[in-house]
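*Asks:* predicted structure and sequence below. I'll ask about it afterward.
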Number of protein chains: 2
Amino acid sequence: MIIIGERINTSRKPMAQAVEERNTAFIQEDAKKQEAAGASFIDVNCGTRLKTELEDFLWLMDVIQEVVSIPLCLDSPDPKVLAAGLSRAKLRPLINSITLEPDRFEVVGPLVAGDAADVVALCMDGTGIPRTTEKVVDNARRLVGQLEGLGVKRASIYLDPMIQPVSTDTEMGLVALASIETIMTTLPGVHTTCGLSNVSYGLPERFLVNRHFLTCAMVKGLDSAIIDPLDRKIMTSIFTTEMVLGRDEYCEAYIDAVREGRIEP
Amino acid sequence: MIIIGERINTSRKPMAQAVEERNTAFIQEDAKKQEAAGASFIDVNCGTRLKTELEDFLWLMDVIQEVVSIPLCLDSPDPKVLAAGLSRAKLRPLINSITLEPDRFEVVGPLVAGDAADVVALCMDGTGIPRTTEKVVDNARRLVGQLEGLGVKRASIYLDPMIQPVSTDTEMGLVALASIETIMTTLPGVHTTCGLSNVSYGLPERFLVNRHFLTCAMVKGLDSAIIDPLDRKIMTSIFTTEMVLGRDEYCEAYIDAVREGRIEP
């Protein structure tokens, strides 16, 4: 699994405070822990810092890049922040995100043109969030087509099916799962990714829903997720599911994780 | 999910003791709890009681049938025990099990002929336990063909893909999952079932492997499992996975289970 570590986000209070106080040690410690726990990218998001987002974002990038050897996932609603971040990145980053919304595609598309970066592509267009498998997959095809038109390779594209809460419509889990399966089989070469918190919105014991959905999605081919790699329960589901799905030779990663106490029984 | 409650098995020491002492209250209490926890069948197995199996089996059936309103799963290596149990059953039982082994098919087949009972059909023949999807599915087809030849309806057949430990061959999880999917899509109308303990043989924290495999198998269409319905962790995986897969209208069963403390967070 390609894990996009989601912890450095100022919607989390300790992170907002650390950014406010320019607490370099706190941010660096967190980033190092995410790398050690298996993250492939470290997401950077300070979108809640409306007035100072650009300055804060570049500061965060600098302090994180000092201490990790994995690339960043540049996560902002503001394309100007993404553009500045792309110039500042030491390693080829993942841009989070592009959509088919004309406003968004026009300004984020040029950033990734010529395969300049990996990109999270949310399967939505100007008509809003899709609620059927057909619409998600249609959006995915159009995104891949338009991105390929800009010279972006399939291996650089992370399609996000935009899972909706099962509490509002019990079909939404199936829609996301069928979308992932169809995308992975009909658009070979791309990645699929998703955040997990949306699926469980409005339900009790949300982490249970998140981790079971993640296992189900991995069965359907999901090969990336935006998660907290320090959450031992989610990581336990990833280690265990990978093994059950034959992706852990000699069961080595699972057995090592148990031995090292990284599994939450 | 069709849950076959596995607790009343004399390979469990407290059960062996209860049978030895003819402890009616202990057995009845356990059976009632399994029914309350959602079991559709109560498995009865006293195969370890070699010398007294038949007598013990009929005693167990009598005491269980006094207190539950769900059918039994008659589970014995000895076809004579199955035959006697079938005559003693108050409700149409599930016979556990038949295989393609000529010795076994010849003696268990007549018990279920004419759709006289539901039957667990292990996907193995005289050549042993299958280790490829092709072989499992081929055995499944032959079992269904031969059972249909005896007048058994597909809805009465519970095919068990005979999951093998991933610790001895990491492909074994995938073989079982692909087998379940192929059986459920190419032999419409049948059920699939399985025990879980085999998949995790030789690994640490086995219950983690069992519950993650169960979720994966449910994604592939598994609609029955031989489990301990009093194991809240396994039941948590069932409730949560059913909901994520759109099989829990209004998320009602999940929310009720949380409210009633039947979920292990």
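*Replies:* Looks like it arrived, so ask away.
*Asks:* please list the residues of the stretch 51-200 of chain A that sit near chain B.
*Replies:* Contact residues, the stretch 51-200 of chain A versus chain B (C-beta under 8 Å from any C-beta of the partner chain): A:Val166, A:Ser167, A:Thr170, A:Glu171, A:Met172, A:Gly173, A:Leu174, A:Leu177, A:Val199. Glycine gets a C-beta too; all of them are placed from N, C-alpha and C.
*Asks:* grab the nearest non-local neighbour of A:Ala83.
*Replies:* A:Leu111 (5.8 Å; C-beta to C-beta, 6 or more residues apart in numbering or on different chains).
*Asks:* can you pull out the strands in chain A?
*Replies:* A:2-5, A:41-44, A:72-75, A:94-98, A:118-122, A:157-160, A:191-192, A:224-227 (DSSP state E).
*Asks:* could you dump the ones you listed into JSON lines and include mean pLDDT and distance to B:Ala83?
*Replies:* Below are those laid out as JSON lines (pLDDT from 0 to 100; distance: least, C-beta to C-beta, whole Å):
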{"stretch": "strand A:2-5", "mean pLDDT": "98", "distance to B:Ala83": "55"}
{"stretch": "strand A:41-44", "mean pLDDT": "98", "distance to B:Ala83": "62"}
{"stretch": "strand A:72-75", "mean pLDDT": "98", "distance to B:Ala83": "64"}
{"stretch": "strand A:94-98", "mean pLDDT": "98", "distance to B:Ala83": "64"}
{"stretch": "strand A:118-122", "mean pLDDT": "98", "distance to B:Ala83": "61"}
{"stretch": "strand A:157-160", "mean pLDDT": "98", "distance to B:Ala83": "57"}
{"stretch": "strand A:191-192", "mean pLDDT": "98", "distance to B:Ala83": "52"}
{"stretch": "strand A:224-227", "mean pLDDT": "98", "distance to B:Ala83": "52"}
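*Asks:* now the ones you listed in CSV, with distance to B:Cys251?
*Replies:* Listed next are those as CSV, based on distance: least, C-beta to C-beta, whole Å:
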stretch, distance to B:Cys251
strand A:2-5, 28
strand A:41-44, 29
strand A:72-75, 30
strand A:94-98, 29
strand A:118-122, 25
strand A:157-160, 23
strand A:191-192, 25
strand A:224-227, 22
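*Asks:* I'd like to know which of the ones you listed lies nearest to B:Lys220.
*Replies:* Closest of the strands of chain A to B:Lys220 is strand A:191-192, at 18.3 Å (criterion: C-beta to C-beta).
*Asks:* run through who's touching that closest one.
*Replies:* Outside strand A:191-192, the residues within contact range by C-beta atoms under 8 Å, 6 or more residues apart in numbering or on different chains are A:2, A:155, A:157-161, A:180, A:183-184, A:217, A:221-224.
*Asks:* in the stretch 1-150 of chain A, what residue lies closest to chain B?
*Replies:* Residue nearest to chain B within the stretch 1-150 of chain A: A:Thr133 (11.9 Å; C-beta to the nearest C-beta).
*Asks:* was I right to think that residue contacts A:Ala178?
*Replies:* Yes - taking C-beta atoms under 8 Å as the definition, A:Thr133 is a contact partner of A:Ala178 at 4.4 Å.
*Asks:* break down chain A into its helices, ranges please.
*Replies:* Remark: helices assigned in chain A by DSSP state H are A:13-20, A:24-36, A:53-67, A:79-88, A:102-112, A:133-149, A:172-186, A:206-219, A:232-244, A:252-259.
*Asks:* so which bits of the fourth one are buried?
*Replies:* If I follow you right, that is helix A:79-88. Under the neighbour-count criterion of 16 or more other C-beta atoms under 10 Å in any protein chain shown, helix A:79-88 has A:Pro79, A:Val81, A:Leu82, A:Ala83, A:Ala84, A:Gly85, A:Leu86 buried.
*Asks:* same question for the third one.
*Replies:* The neighbour-count criterion (16+ other C-beta under 10 Å) identifies A:Glu53, A:Leu54, A:Asp56, A:Phe57, A:Leu58, A:Trp59, A:Leu60, A:Met61, A:Val63, A:Ile64, A:Gln65 as the buried residues of helix A:53-67.
*Asks:* ditto for stretch A:108-116
*Replies:* A:Val108, A:Gly109, A:Leu111, A:Val112, A:Asp115, A:Ala116.
*Asks:* now which of the contacts of strand A:191-192 would you call buried?
*Replies:* By 16+ other C-beta under 10 Å, the contacts of strand A:191-192 give A:2, A:157-161, A:180, A:183-184, A:217, A:221-224 as buried.
*Asks:* of all the residues you listed, which two lie farthest apart?
*Replies:* Spatial extent of these (C-beta to C-beta) is set by the pair A:Ile157 and A:Ala217 at 17.3 Å.
*Asks:* next up, the contacts around the residue positioned nearest the centre of chain A.
*Replies:* Centrality entry for chain A: nearest residue to the mean C-alpha point is A:Ile226, 3.4 Å, by C-alpha atoms, centre = their mean. Neighbour list for A:Ile226: A:Ile4, A:Glu6, A:Asp43, A:Cys73, A:Thr193, A:Cys194, A:Gly195, A:Leu196 [criterion: C-beta under 8 Å, 6+ apart].
*Asks:* domain boundaries for chain A, per the record?
*Replies:* Chain A resolves into domains spanning A:2-232, A:233-265 when parsed by automatic domain parsing.
*Asks:* centre of the chain to the first one, how far?
*Replies:* Between the mean C-alpha location of domain A:2-232 and the chain-wide mean there is a distance of 3 Å, by C-alpha atoms, centre = their mean, to the nearest Å.
*Asks:* with distance to B:Ile98 and mean pLDDT added, can I get the helices of chain A in a markdown table?
*Replies:* Shown next, in a markdown table, are those (distance: least, C-beta to C-beta, whole Å; pLDDT from 0 to 100):
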| stretch | distance to B:Ile98 | mean pLDDT |
| --- | --- | --- |
| helix A:13-20 | 59 | 98 |
| helix A:24-36 | 52 | 98 |
| helix A:53-67 | 61 | 98 |
| helix A:79-88 | 62 | 98 |
| helix A:102-112 | 58 | 97 |
| helix A:133-149 | 38 | 98 |
| helix A:172-186 | 33 | 98 |
| helix A:206-219 | 29 | 97 |
| helix A:232-244 | 28 | 97 |
| helix A:252-259 | 35 | 96 |
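*Asks:* and of those, who's closest to B:Ala25?
*Replies:* helix A:206-219 (34.8 Å).
*Asks:* now the closest one against helix B:252-259, angle please.
*Replies:* Per axes from the mean of the first three to the mean of the last three C-alpha atoms, to 10 degrees, the angle that helix A:206-219 makes with helix B:252-259 is 140 degrees.
*Asks:* what's helix A:206-219 packed up against?
*Replies:* Judged by 3 or more C-beta pairs under 8 Å, 6 or more residues apart in numbering or on different chains; DSSP states H and E, the packing partners of helix A:206-219 are helix A:172-186, strand A:224-227, helix A:232-244, helix B:206-219, helix B:232-244.
*Asks:* now do 6 Å
*Replies:* helix A:232-244, helix B:206-219, helix B:232-244 (3 or more C-beta pairs under 6 Å, 6 or more residues apart in numbering or on different chains; DSSP states H and E).
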